[in-house]
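Peer 1: here is my input; please provide its structure:
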Amino acid sequence: MVQQCDICLTRRSSNNKEPMQPHQIPEQPWQVVATDIFTLDGVDYPVTVDYYSRFFEVDKLSDTKSITVIRKLKRHFAKYGICQKVVSDNAAQFTSEQFITFAREWGFEHTTSSPLYPQSNGLAEKTVQTAKRLLRKAKSDNRDPYLAFLEYRNCPLECGYSPSQLLMSRRLRSIIPTVKSLLKPQTVNTDIVQDKINKSRSSQKHYYDQTAKSLPSLADGQTIRVQMKKRWVPAKLIKDNHDRSYTVQTEDGGIYRRNRRFIMSTKEKCPELSENFPNLLHQTDCGKSQSNESAEISPLISPQNMSASHENQPYVTRYGRSVKPTSRLVEHA
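Peer 2: Modelled structure (predicted):
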């Protein structure tokens, strides 16, 4: 009865967290990188971090246009090489047509994390915290932030090697006195590094999963509810994007991509939804993977429908949703 009650389902509590699903460890440095944009003291910074070595770069943006972010990434790719895969969130800079063209021309795969679920891009989020902390400390102590970044890149990780050693097979000279022999290049055994990283991740997953619970899988076409601002609204599951990411369609015709944690299966009757929505199987970032849909595909108004609206006639969006004119409230004198 509760599974069919609209009031109960709308105000139901959020789903519990699921067991941790760590990213696969790359086989070599700068093979997979993550990127994100953060703001500190009114200034925008893009951060780019290597999944293997944890070596990160921070830049200062003059504006937040997609072409500006692309130039910063090109600069890093020219220094360390073009990576095979870039992971980002669904910010407009990374879902634009310019970024899709950039990925295609430079030959790397671009994947996006589930909207409103920053945990799926956890390395970039954690690196943003580290960069902010270093910048704030340097500003408070009136020190050079570049020296702070340098010392961080020389600090050993849990695997026993520093980010600079993992990326460039050598320590970096800093203002801290160092024996010359330690600055000589030394090859790092990748098998030992991956083994230590796996042990560290296994320990993290063990403690994280103690309070986690797996959610049942969902099927295409299933009646569900999706969480929108602490409310669960009726929807229909359109497609499974794998990795706990699903594409859903709400009653108003809106199509969204959401993580499994924000989806709830119900026993309600299937809501009446428009079937005139585009095939999302082909709307992927860079045409590389089916899991790279944009964050949200909201109903848009085409020019033909705009002309129809001027004639005071009801028009239909390209996703098949009928748009009704807004009713105005008239105050009584």
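
Peer 1: can we go C-alpha only for contacts and neighbour counts from here?
Peer 2: OK.

Peer 1: ok, N90 touching Y117?
Peer 2: No. N90 is beyond contact range of Y117, at 10.3 Å (criterion: Cα atoms under 8 Å).

Peer 1: of those two, who's got more company?
Peer 2: N90 (21 against 15; other Cα atoms under 10 Å).

Peer 1: got a pLDDT number for the more buried one?
Peer 2: pLDDT, the model's per-residue confidence, is 89 for N90.

Peer 1: I'd like the distance between L172 and D50.
Peer 2: 17 Å (Cα to Cα, to the nearest Å).

Peer 1: of those two, which one has the most company?
Peer 2: D50 (23 against 18).

Peer 1: for the more buried one, grab phi and psi.
Peer 2: Backbone torsions of D50, given as degrees, to the nearest 10, read phi -90, psi 130.

Peer 1: before we move on, what SS does Q194 have?
Peer 2: helix (DSSP: H, G, I helix; E, B strand; the rest coil).

Peer 1: phi, psi of the closest residue in space to it that isn't next to it in sequence?
Peer 2: Nearest in space to Q194, with sequence neighbours left out and distances taken as Cα to Cα, 6 or more residues apart in numbering, is I25 at 7.2 Å. With angles defined as degrees, to the nearest 10, I25 sits at phi -80, psi 120.

Peer 1: for the one 4 residues further on, same thing?
Peer 2: Listed backbone geometry of P29 is phi -60, psi 150, with angles given as degrees, to the nearest 10.

Peer 1: ok, now P46?
Peer 2: According to degrees, to the nearest 10, P46 has phi -90, psi 140.

Peer 1: now do the contacts for it.
Peer 2: 35-38, 58-61, 69 (Cα atoms under 8 Å, 6 or more residues apart in numbering).

Peer 1: from those, list the buried ones, please.
Peer 2: 35-37, 58, 61, 69 (16 or more other Cα atoms under 10 Å).

Peer 1: narrow those residues to those in helices?
Peer 2: V69 (DSSP state H).

Peer 1: from the buried ones among the contacts of P46, which is closest to D191?
Peer 2: T35 (25.9 Å; Cα to Cα).

Peer 1: and that closest one, bridged to which residues?
Peer 2: In this entry, T35 is beta-bridged to T48, by DSSP bridges.

Peer 1: any idea how far it lies from V128?
Peer 2: 9 Å.

Peer 1: mutual contacts of these two, please.
Peer 2: Contacts common to T35 and V128, judged by Cα under 8 Å, 6+ apart, are V47.

Peer 1: care to break the chain down by domain?
Peer 2: 32-208, 217-316 (automatic domain parsing).

Peer 1: of the ones you listed, which is nearest C5?
Peer 2: Nearest of these to C5, taken as Cα to Cα: domain 217-316 at 8.2 Å.

Peer 1: switch the domains of the chain over to TSV; also include distance to D6.
Peer 2: As requested, the domains of the chain are exported to TSV (distance: least, Cα to Cα, whole Å):
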stretch	distance to D6
domain 32-208	24
domain 217-316	9
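
Peer 1: closest one to C8 among the ones you listed?
Peer 2: Here domain 217-316 is closest among the domains of the chain (Cα to Cα), at 9.6 Å.

Peer 1: lowest-confidence stretch among the domains of the chain?
Peer 2: domain 217-316 (a mean of 67).

Peer 1: just the CA atoms of stretch 59-74, as PDB, please.
Peer 2: Taking Å, rounded to 0.1, in the frame of the first residue of the first chain, the C-alpha atoms of stretch 59-74 are listed here in PDB:
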ATOM      1  CA  ASP A  59      45.600  27.400 -13.500                       C
ATOM      2  CA  LYS A  60      43.900  30.800 -13.300                       C
ATOM      3  CA  LEU A  61      41.100  31.600 -15.600                       C
ATOM      4  CA  SER A  62      40.400  35.000 -17.100                       C
ATOM      5  CA  ASP A  63      36.900  33.800 -17.900                       C
ATOM      6  CA  THR A  64      34.900  30.600 -17.700                       C
ATOM      7  CA  LYS A  65      34.400  30.100 -21.500                       C
ATOM      8  CA  SER A  66      34.900  26.600 -22.800                       C
ATOM      9  CA  ILE A  67      37.700  27.700 -25.200                       C
ATOM     10  CA  THR A  68      39.600  29.200 -22.300                       C
ATOM     11  CA  VAL A  69      39.500  25.900 -20.400                       C
ATOM     12  CA  ILE A  70      40.500  24.000 -23.500                       C
ATOM     13  CA  ARG A  71      43.600  26.200 -23.900                       C
ATOM     14  CA  LYS A  72      44.700  25.300 -20.400                       C
ATOM     15  CA  LEU A  73      44.200  21.500 -21.100                       C
ATOM     16  CA  LYS A  74      46.200  21.800 -24.300                       C
END
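
Peer 1: now what about it, what contacts it?
Peer 2: 43-48, 92-94, 96, 98-99, 102.

Peer 1: surely the residue nearest to Q194 touches S53?
Peer 2: No. The pair I25 / S53 is not scored as a contact, 10.2 Å apart, by Cα under 8 Å.
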